[in-house]
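[1] attaching a predicted model along with its sequence, questions to come.
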Amino acid sequence: MPEGDTVWHTAARLREALEGKTLTRCDIRVPKYATVDLTGQVVDEVLSRGKHLFIRVGQASIHSHLKMDGSWKVNPINRPSRAGHRIRIILETADVQAAGIDLGVLEVLPRADDMDVVAHLGPDLLGSDWEPRIAAANLTADPDRPLAETLLDQRVLAGVGNVYANELCFVFGHLPTSPVNDVRDPLRLVQRARDMLWLNRSRTNRTTTGDTRRGQQVWVYGRAGEPCRRCGTPIKSENTGDRISFWCPNCQT
């Protein structure tokens, strides 16, 4: 599932593949931007901000958000992506192809103003603007708000998705529905969130337990009915709207 660490890693891969190279093909398959052609221009910069990704080319900035199912695939030019109709954009250089697949958001912005679309975000857990005290203050601004919901609010801190929200609730012993006011040390919580994402930023398979073995990487997420790794109690889950929560009824109160 794409979260802040996934987007950071994706930006790093795109940066390595495209930065400083001239585009030999630019095919944008979104009606509003279908006539935009950046062929012949140089990719100057690739950066991430929370869950948002920007590819800066000349005076333009290609802004994408992976949402739930999106991804960017980088392949040698002689082995292009076969995702077919799921591809929303193709960028090619002399040696590589970068294809944006099932992107939740794809738009071309004026480069000078591209950061306006992320101005509402809180401190980026993997960015140069990371400031834990501001993040902690944002977290506790509404003390009665459910903890998991608050962690998922990108205006509070940028980068946490549903996996990390559930895992952080477990690590700190709170139900996802517990009010933020129950957290004794908000600064420690946001620091732990940052540590989790930072340690996983270069991995293809994240771990929150510290164990990278298959099936051992997470505490509760996706483990409904399986025994808690700490106490053995079956993990519970609840699907409310577009989010699903996982928790241990014994370890989290």
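    Now that the structure is in, tell me what you want to look at.
[2] for the rest of this, base every contact and every neighbour count on C-alpha atoms.
    Noted.
[3] ignoring the adjacent residues along the chain, who's closest to V30?
    Distance criterion CA to CA, 6 or more residues apart in numbering; nearest residue to V30, sequence neighbours excluded, is R88 at 6.5 Å.
[4] ok, that neighbour - contacts?
    28-30, 99-103, 106 (CA atoms under 8 Å, 6 or more residues apart in numbering).
[5] also T140?
    Contacts of T140 (CA under 8 Å, 6+ apart): 180-181, 186.
[6] between the residues you listed, which is nearest L23?
    P186 (45.5 Å; CA to CA).
[7] now that closest one: phi and psi?
    Backbone torsions of P186, given as degrees, to the nearest 10, read phi -60, psi -40.
[8] and it, how close does it get to P143?
    11 Å (CA to CA, to the nearest Å).
[9] repeat for H174
    H174 is 14 Å from P143, by CA to CA.
[10] same question for R88.
    For R88, the distance to P143 - CA to CA - is 41 Å.
[11] if we look at stretch 146-159, which residues are touching it?
    Contacts for stretch 146-159 (CA under 8 Å, 6+ apart): 3-5, 49-51, 120-126, 135, 138-139, 160-162, 165-166, 169, 175-180.
[12] so which residues of the stretch 1-150 of the chain form helices?
    4-18, 132-139, 147-152 (DSSP state H, counting those that start in this stretch).
[13] relative to N250, which of the ones you listed is closest?
    Closest among those, using CA to CA: helix 147-152, at 17.7 Å.
[14] between the next helix or strand after that closest one and helix 4-18, how many degrees?
    Next helix or strand after helix 147-152 toward the C-terminus (DSSP states H and E): helix 162-171. Counting by axes from the mean of the first three to the mean of the last three CA atoms, to 10 degrees, helix 162-171 points 140 degrees away from the direction of helix 4-18.
[15] more neighbours: which of H174 and P143?
    Using other CA atoms under 10 Å as the criterion, H174 and P143 rank with H174 on top: 23 against 14.
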